[in-house]
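Novice: what's the 3D shape of this:
(4 chains)
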Number of protein chains: 2
Amino acid sequence: MQVSTKFTIAIHVLAATEFFGNEEKVTSKLLASSIGSNPVIIRNIMSDLQKAGLIETKRGPGGISITRPLDQITFYDVYEAVEKNKDQLFNFHENPNPACPVGRNIHAALDDKLDDIQREFEEDLKKHNVAEVVHDLHQEVNAEKQA
Amino acid sequence: MQVSTKFTIAIHVLAATEFFGNEEKVTSKLLASSIGSNPVIIRNIMSDLQKAGLIETKRGPGGISITRPLDQITFYDVYEAVEKNKDQLFNFHENPNPACPVGRNIHAALDDKLDDIQREFEEDLKKHNVAEVVHDLHQEVNAEKQA
DNA sequence: TTTAAATGTAATACTACTTGTTTCATCTGA
DNA sequence: TCAGATGAAACAAGTAGTATTACATTTAAA
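Specialist: Sure thing, here's the model as predicted:
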């Protein structure tokens, strides 16, 4: 299993919007160019981010605006916004045999442990935020200038 | 994204093998019945577990044997044995634009953070082992007897 | 008020993965 | 020897991820 590219693309979208926001109008076309993907892919992700309340978009000669400071947008916020099945990390086999003592009780013996792991994974995602990414981007760009 | 059913099935296989191992011969057919799946699915998972050195299987009137105490088989050992792309939890978009300062540097700004999260997730998986599951199974079965 | 430029969304296509099934070769303890 | 088990190949169906085209809708600005 893998977290889909939607996750890293969404972080790219937020970081690039902050990075370019003051100088240029940020559109799905510009973002698609930076990301190396298709504008419709970006618009779908923009739609996810908007439903999650992380950005606002406008039609017409529109553009994207971010609704709150990036240090208040964690990786988990982004993950939650774009990822499917975010509420069930582990896909349990569905038909354990109720006539078998193991099949009948495997859920009771396993669910709490899987829930633990999922909760810890979500906490791990919350330890990072998008502001860190923008900060490191500026650091990289400055290093380029000096070279 | 979801961890595939192979993971919970593999834990079921190990737990059931321990649970029944002393009384009955444990075969892919018996396990498939307990799990509610197909014997070939189980045999493929058995093959993964065998490659990882967690079990040994024999042909003929064979059966499965576990190679080390279950408290030394963590959820991560099982995850590593059966899951694809286990080495790269996050699927990064592949073609960021090198002509764009963000596209050119997004990997440098993001990779270390994603590696952190992956490492922590793996640690979370290592906190649990299959012996706990068997212990809880016996507890559930004993509770059934009293009722 | 018009219009260029942007988002919103539906439809399609391709690929890869997951899960299930059938079939048959191969092995091995009794 | 042989019944009973694993090993493995082939196939099918369903789902998810990614990419693309096309068009309707909106809106700031000319």
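Novice: could I get the pLDDT score of the residue lying farthest from the centre of chain A?
Specialist: What lies farthest from the middle of chain A is residue A:99; by CA atoms, centre = their mean that is 41.9 Å. Here, the pLDDT recorded for residue A:99 equals 96.
Novice: so it, which of the three states?
Specialist: coil (DSSP: H, G, I helix; E, B strand; the rest coil).
Novice: now it: how far from chain B?
Specialist: As judged by CB to the nearest CB, to the nearest Å, residue A:99 and chain B stand 8 Å apart. From N, CA and C alone the C-beta is placed, and that goes for glycine too.
Novice: how about that residue, phi and psi?
Specialist: phi -80, psi -10 (degrees, to the nearest 10).
Novice: and if you look at residue A:55?
Specialist: Here is the backbone geometry of residue A:55 (degrees, to the nearest 10): phi -140, psi 170.
Novice: run a quick neighbour tally on it.
Specialist: The tally of other residues near residue A:55 (other CB atoms under 10 Å in any protein chain shown) stands at 24.
Novice: show me the strands in chain A, by range?
Specialist: A:55-58, A:63-66 (DSSP state E).
Novice: which ones are touching the closest residue to residue A:114 other than its chain neighbours?
Specialist: When the adjacent residues along the chain are set aside, residue A:114 lies closest to residue A:90, with 4.6 Å between them (CB to CB, 6 or more residues apart in numbering or on different chains). Neighbouring residues of residue A:90 by CB atoms under 8 Å, 6 or more residues apart in numbering or on different chains: A:114, A:117-118, B:2-3, B:7-8.
Novice: can you say which of the strands of chain A is nearest to chain B?
Specialist: Nearest of the strands of chain A to chain B, taken as CB to the nearest CB: strand A:63-66 at 13.9 Å.
Novice: check whether that closest one contacts chain B.
Specialist: No. Strand A:63-66 is not in contact with chain B by CB under 8 Å from any CB of the partner chain; minimum separation 13.9 Å.
Novice: list of residues touching the worst-scoring helix or strand of chain A on mean pLDDT?
Specialist: In chain A, the helix or strand scored least confidently by mean pLDDT, DSSP states H and E is strand A:63-66, which has a mean of 91. Around strand A:63-66, the neighbours that count as contacts under CB under 8 Å, 6+ apart are A:13-14, A:17-18, A:21, A:25-27, A:46, A:54-57, A:73.
Novice: now chain A against DNA strand C: closest residue?
Specialist: residue A:28 (3.3 Å; CB to the nearest atom of the strand).
Novice: which pLDDT value belongs to that residue?
Specialist: Reported pLDDT for residue A:28: 96.
Novice: need the contact list for it.
Specialist: For residue A:28, the contact set (CB under 8 Å, 6+ apart) comprises A:39-40, A:42-43, A:46.
Novice: mind listing the helices for chain A?
Specialist: Secondary structure of chain A, counting by DSSP state H: helices at A:5-20, A:28-35, A:39-51, A:75-82, A:101-126, A:130-146.
Novice: is the longest one in proximity to DNA strand C?
Specialist: No. In this structure, helix A:101-126 remains apart from DNA strand C according to CB under 7 Å from any atom of the strand; the gap is never smaller than 13.4 Å.
Novice: around DNA strand D, pick out the residues from chain A.
Specialist: So far as CB under 7 Å from any atom of the strand goes, chain A lies against DNA strand D at A:4-6, A:37-41, A:58-62, A:83-84.
Novice: which two of those residues have the greatest separation?
Specialist: A:61 and A:84 (32.5 Å; CB to CB).
Novice: more neighbours, those two?
Specialist: residue A:84 (10 against 7).
Novice: surely that one touches residue B:1?
Specialist: Yes. With contacts counted by CB atoms under 8 Å, residue A:84 reaches residue B:1, the gap being 7.2 Å.
Novice: common neighbours of the two, please.
Specialist: residue A:4.
Novice: which among the contacts of strand A:63-66 end up buried?
Specialist: Buried members of these, scored by 16 or more other CB atoms under 10 Å in any protein chain shown, are A:13-14, A:17-18, A:26-27, A:46, A:54-55, A:57, A:73.
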